[in-house]
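Peer 1: this one's sequence-less:
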């Protein structure tokens, strides 16, 4: 399934390996692949070298000062922790965008990502 989703998301983009890595890590950590892929698409279009103006890095745009190590592993782990904390994916995505606690900007982000998968 992840191969099909990556092909659809990345039509014309050369980032299939990163998309597959995000999907594999999501499966390994028990996070729905569709959620992880929607976040990877929203955050960086699966650019493994992406760095934001705030220093977030990798395809899932994780702040390394709070989540050191591999940014894909850290991003998926953060999604999982937020789901456990909040109990639903909408609130978890909101927290992902706004720093654990759901804020208005995070609500907008959660709606954009959820529109792709939930």
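Peer 2: Cool, got the structure. None of these values were measured; they are calculated from a predicted model. Residues are numbered from 1 along each chain as shown.
Peer 1: which intervals of this structure have sub-threshold pLDDT?
Peer 2: 1-16, 118 (pLDDT under 70).
Peer 1: if we go to 80?
Peer 2: Across the chain, the ranges flagged by pLDDT under 80 are 1-16, 67, 100, 116-118.
Peer 1: quick one, strands of it?
Peer 2: For the chain, applying DSSP state E gives strands covering 56-57, 62-63.
Peer 1: Pull the residues that contact the last one.
Peer 2: Right, strand 62-63. The list of residues contacting strand 62-63 from outside it, by CB atoms under 8 Å, 6 or more residues apart in numbering, reads 54, 55, 56, 57, 71, 74, 75, 78. Every residue, glycine included, has its C-beta placed from N, CA and C.
Peer 1: So what sits opposite the fourth one in the bridge?
Peer 2: Note on residue 57: beta-bridge partners residue 51, residue 62, judged by DSSP bridges.
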